[in-house]
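> Output the structure for:
(2 chains)
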There are 2 protein chains.
Amino acid sequence: MNNNGKIYVVGIGPGNREQMSLLALRAIKESDVIVGYKTYINIIEDLTEGKEVINSGMKKEIERCDITIDEAEKGKVVSIISSGDPGVYGMAGVILELVAKRNSDIEVEVVPGITAANAAAASLGAPLMHDYAVISLSDLLTDWEVIKRRIDCAAAGDFIITLYNPRSKGRVTQIEEAREIIMQYRKPTTPVGIVRNAKREGEEVFITNLENMLKHKIDMFTMVIIGNTNTYKLNDKMITPRGYFK
Amino acid sequence: MNNNGKIYVVGIGPGNREQMSLLALRAIKESDVIVGYKTYINIIEDLTEGKEVINSGMKKEIERCDITIDEAEKGKVVSIISSGDPGVYGMAGVILELVAKRNSDIEVEVVPGITAANAAAASLGAPLMHDYAVISLSDLLTDWEVIKRRIDCAAAGDFIITLYNPRSKGRVTQIEEAREIIMQYRKPTTPVGIVRNAKREGEEVFITNLENMLKHKIDMFTMVIIGNTNTYKLNDKMITPRGYFK
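Next comes the predicted model:
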């Protein structure tokens, strides 16, 4: 039944071409078909010459994955594109689940990429040098009560906290509630890094603190990194010490 | 005083050349001097022709960073190499702290890489599709009580838990204690992914569960990823559903 069709679930990293891995480049080059949300397709447009390109809109994740599997079952090599790492709030899980649901035997290779937390951290200095938690504030697919409990546990455990999807047009209060919860455990002076468009065109980097963080623009292109109780600001960098200079 | 010296803190990713970013390659290419622990230098040996290479031993992190700054202050471009991402238990923090301590004005650029958690996840399938915690079990620089509390909080918050440095020759019981703590919150059948040498030569991938995880070889080259209460095994993949198929 199978026929050399293959799916690459490709992480293109934060957006700048130089942050992409060699494997991501090769996977795209090898592919007959490229599928993805159009913002991401635009980023790699120059790599898609001569290939079939299937754009799709936001919130059409399942449709996009079904198209990917359809094309691969025709014997084509297909790359489905995620920004960052497809294994972190990306397309890797849905593809694997759908391939199984459809009893397909298509080969799937997940091509990891640099995820937004690590890209933003590099621009801030070294905020993630110690144990950290990765939390998405989007309650589209997850109950807000579950997310709040996670924020509470991460704050109680003194994790550095990285927040994905901190705010969108229709979802504005979650970041405020998250801050309230974390304030119960950490000082208002705790450093907070806010990075818009991390490691891609239009990057903006701010180091502020829990007290003042909401004065900054926070939207769906923003990563928020909240320090642990040891994180400090050093010149223009945000640093969590590992413990070498105790 | 400054003189075009520059430091790149370079993440070379998990080890396979194809997982390296274009920026990491360029930074190494641009550099006059390459500094690093010898295991990592060996991985990029073919890229160091004609460059000064300064190997150093394990646990010599401060010395390695001092040498890096010394060389950069002579006006050289220096890459100090970390495996994975230098911002995750790597060299980024120490370099930035030492540059400040020495009142140096050398430019430092952190070049992010694919960190072990994301590399291992890609080989397991899609275990990190939901909120996750990154914890190092090394108590060399952190009190074990702090680490235990973090494990407890991460387990209570139903985070997927990724464990760095799960075991070394001289440090064998931490992974056992970590498992005991997590067992208080999760079923013995909870999937556990164990990946040795993720995304580099000699990779070994196992999907087991909390009950049986200690029957597998776990050492300092191993990443352990413990699922949340929704994680499941699907054919030979470990998947945490995002929630699309509720």
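
> Going by C-alpha atoms from here, please, whenever you check contacts or count neighbours.
Will do.

> Can you pull the poorly scored residue ranges out of chain A?
A:1-3, A:58, A:246 (pLDDT under 70).

> show me where it has helices.
In chain A, the helices defined using DSSP state H lie at A:22-30, A:38-43, A:61-73, A:92-101, A:116-124, A:144-156, A:174-183.

> Can stretch A:4-15 be said to contact chain B?
No - Stretch A:4-15 stays clear of chain B (Cα under 8 Å from any Cα of the partner chain), getting no nearer than 9.3 Å.

> Which residue comes closest to A:Asn118 once chain neighbours are left out?
B:Pro112 (6.5 Å; Cα to Cα, 6 or more residues apart in numbering or on different chains).

> now do A:Ile147
Spatial nearest neighbour of A:Ile147, excluding adjacent residues (Cα to Cα, 6+ apart): A:Leu137 at 6.9 Å.

> before we move on, what about A:Thr189?
What sits nearest to A:Thr189 in space, not counting adjacent residues and going by Cα to Cα, 6+ apart, is A:Asn209, at 5.3 Å.

> Wait, that neighbour touches A:Arg186, no?
No - in this structure, A:Asn209 is not within contact of A:Arg186 by Cα atoms under 8 Å, at 10.5 Å.

> domain assignment for chain A?
Per automatic domain parsing, the domain ranges recorded for chain A read A:6-111, A:116-239.

> May I see the ones you listed organised as CSV, with mean neighbour count and distance to B:Thr39 added?
Listed next are the domains of chain A as CSV, based on neighbours: other Cα atoms under 10 Å in any protein chain shown; distance: least, Cα to Cα, whole Å:
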stretch, mean neighbour count, distance to B:Thr39
domain A:6-111, 20, 21
domain A:116-239, 20, 21
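
> Which one of those domains lies nearest to B:Leu23?
Closest of the domains of chain A to B:Leu23 is domain A:6-111, at 4.8 Å (criterion: Cα to Cα).

> distance between the ends of that closest one?
Across its full length, domain A:6-111 reaches 13 Å between end residues, using Cα to Cα, to the nearest Å.

> Centre of the chain to it, how far?
Computed by Cα atoms, centre = their mean, to the nearest Å, the separation of domain A:6-111 from the middle of its chain amounts to 15 Å.

> show me the residues around the nearest residue to A:Lys187 once chain neighbours are set aside that make contact.
The shortest distance from A:Lys187 to any non-neighbouring residue, by Cα to Cα, 6+ apart, is to A:Leu210 (7.5 Å). For A:Leu210, the contacting residues are A:Arg179, A:Met183, A:Lys187, A:Pro188, A:Thr189, A:Thr190, A:Pro191, A:Val192, A:Ile226, by Cα atoms under 8 Å, 6 or more residues apart in numbering or on different chains.

> ok, so of those residues, who is nearest chain B?
Of all the contacts of A:Leu210, A:Ile226 has the smallest distance to chain B: 14.1 Å, by Cα to the nearest Cα.

> In the sheet, which residues pair with that closest one? Tell me.
A:Ile161, A:Val192 (DSSP bridges).

> Kindly check the end-to-end length of stretch A:234-241 for me.
11 Å.

> Ok, stretch A:161-168 next?
19 Å.

> Can you lay out the helices of chain A as CSV showing distance to B:Thr231?
Shown next, in CSV, are those (distance: least, Cα to Cα, whole Å):
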stretch, distance to B:Thr231
helix A:22-30, 27
helix A:38-43, 28
helix A:61-73, 19
helix A:92-101, 11
helix A:116-124, 22
helix A:144-156, 16
helix A:174-183, 25
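
> For B:Thr142, which of those helices is the nearest?
Closest to B:Thr142 of those is helix A:144-156 (Cα to Cα; 16.9 Å).

> what does that closest one rub up against?
With contacts defined as Cα under 8 Å, 6+ apart, helix A:144-156 is touched by A:133, A:135-137, A:139, A:160-161, A:178, A:181-182, A:185-186, B:153-154, B:156-159.

> Equivalent analysis for stretch A:223-236, please.
By Cα under 8 Å, 6+ apart, the residues outside stretch A:223-236 that reach it are A:116-117, A:120-121, A:127, A:158-166, A:186-187, A:190-196, A:198, A:207, A:210, A:238-241, B:97, B:100.

> And for stretch A:179-192?
Residues outside stretch A:179-192 that contact it (Cα under 8 Å, 6+ apart) are A:148, A:151-152, A:155-156, A:207-211, A:213, A:224-229, A:231-233, A:238.

> What distance do you get for the residue nearest to A:Thr189 to chain B?
Counting by Cα to the nearest Cα, to the nearest Å, the gap between A:Asn209 and chain B amounts to 19 Å.

> Repeat that for A:Arg186.
15 Å.

> Backbone dihedrals for that residue, both of them.
Torsion angles at A:Arg186 (phi, psi; degrees, to the nearest 10) stand at phi -130, psi 150.

> Over to A:Leu128?
Dihedral angles (degrees, to the nearest 10) for A:Leu128: phi -100, psi 30.

> can you pull the contacts of it?
If you count contacts by Cα under 8 Å, 6+ apart, then A:Leu128 has A:Asn118, A:Ala121, A:Ile160, A:Ile239, A:Thr240, B:Gly87, B:Val88, B:Tyr89 around it.
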